[in-house]
Every structure is written in C-alpha cells, then in structure tokens.
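Q: what's the 3D shape of this:
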Amino acid sequence: MARCGSGLAVAVNDWRMVTSHCVMAVMLALFIFPNYAGCAPAKLVESSEYKEKDFHKGIITDYSNMVDGDDVQWVWIDPAIKLSQYGLKVGKVENRSDLRSRSMVETVRNVFKDTFADLKAKGGKGTLSADLCIYEAENFSAGKAWIPFAGGHQMQAGIGIEMVLRDARNRTVGKFRHFAREGAQIEAAAQEVAGDLMKYIASH
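A: As a prediction, this is how the structure comes out:
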C-alpha cells in the first residue's frame, strides 16, 4: 500500500510539473510574440462599426488595410513614406453626410487649411494633397442630454471625416477615417478632427 501511495504521489508531482512547464511555455510565447496575445491592431473591416447596416462610406475605396490608430480611429500609411517629412495642402472637399450644407463644406475646408498651415515639412519631401470627405455630420442636440453618463458628450456637434493623402504622382500614401464631437458648432468638431489628424501625421 505504501508503494502504491508513493507511486500516486510521484504521478501527481509529475502532472504538476508538466502543467507548470506548459503554463510557462504559453506565457513565454505570449511575451515573445505579443501579436498572438491579441495585441495586433484591430481592423476596420472587422469592427462592429463597419458591420453596421448604416455604415457611412466616404471617398476611401478600400478599407481592408485600415487599422486602429489609437488617437485617430482608423488609419493606413504607406510603410515607405514618413508623412512628417511632407507639407500638406487641401484638395477636394466632398459632403456625403445626411446633413446638406454648402457652408459646412467651406467651414471644413477652411479649418483644414488653417490647421495644415501649421504643419511644416521637416524633411523637404514636397507636398501631399489631402482630399477630404464629410461622411457624417450632426448638429448640437440638447435633447441628448438625458442619455445616462454620456449625454454631455453625445449632445455636442459631431463630424466624421475621411482623408486621402496623395503624392505628386497621384499615388495614395495615406488614408484616415476619424470622428469627433466638440462644442455647439460643427466648426468646433471639425477643428477637433483636424487637430487629431495633424498630431498623428506630425508623429508618423
């Protein structure tokens, strides 16, 4: 009986050792290969936003390579390009939102012109053209103030912008899709979007 008990104890110890080694191996693999731990950037085409039936498309024709950009919601940049080495100029501005307004289009154009004027090219690589599209726009709505916890934010004016950057040879080198809410006027929301985009470009 003693030998039987001893054998059982050894088997249990062996099982614990094997389990411990397996756990350590998995943890090491996750540490060495963090992308396998779910750390890879989320893709726009796999997001709940994209899968919604009322997803508003803008001027971007291919969303498949766009990923979560943290401070900017969805981005793609040509890996061979360093955007901060270029200047930017506003190209075409379109409005594909449900809010039809010529003045809104001109407001967005002027906001982005003013914002990009502060973005100086560090590397003298020339100037990229930025085509813009308003894919969503919402006026200030005091009626949303009742929304629990988020009413103060949801009631603010909001705007969604898609921006496509092209080089002198008309090649697409950057794609951005970003939405922001700010203040009581759409102009304030546009300034927020433009500011976020400028900061992102200046650091990439």
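
Q: Every contact and neighbour count from this point should use C-alpha atoms.
A: Fine.

Q: Go through this structure and flag its longest strand.
A: strand 127-138 (DSSP state E).

Q: Check which residues of it are buried.
A: T127, L128, S129, A130, D131, L132, C133, I134, Y135, E136, A137, E138 (16 or more other C-alpha atoms under 10 Å).

Q: So what touches it?
A: Contact with strand 127-138 is made by 56-59, 86-99, 105, 157-168, 186, as judged by C-alpha atoms under 8 Å, 6 or more residues apart in numbering.

Q: What pairs with that strand, parallel or antiparallel?
A: Paired strands of strand 127-138, with direction, are strand 87-95 (parallel), strand 158-166 (antiparallel) (DSSP bridges).

Q: Single out the most deeply packed of those strands.
A: Among these, ranked by average contacts under mean count of other C-alpha atoms under 10 Å, first place goes to strand 158-166 (a mean of 24).

Q: Distance-wise, check the residue nearest the centre of the chain relative to G183.
A: Geometric centre of the chain, nearest residue: Q73, 2.0 Å, by C-alpha atoms, centre = their mean. Going from Q73 to G183 by C-alpha to C-alpha, to the nearest Å gives 20 Å.

Q: And A80, by the same measure?
A: To G183, A80 is 37 Å away according to C-alpha to C-alpha.

Q: Next: E46.
A: Taking C-alpha to C-alpha, one finds E46 at 31 Å from G183.

Q: Settle it for me: which of the two has more neighbours?
A: Under the neighbour definition other C-alpha atoms under 10 Å, E46 and G183 were set side by side, and G183 has more, 16 against 11.

Q: What score does that one have for pLDDT?
A: Per-residue pLDDT puts G183 at 76.

Q: Checking it next. Helix, strand or coil?
A: coil (DSSP: H, G, I helix; E, B strand; the rest coil).

Q: K199 now?
A: Quick answer, by three-state DSSP: K199 is helix.

Q: V105: which element?
A: helix 102-117 (DSSP states H and E).

Q: Touching, the residue nearest to the centre of the chain and F179? I think so.
A: Yes: using C-alpha atoms under 8 Å, Q73 is in contact with F179, at 7.4 Å.
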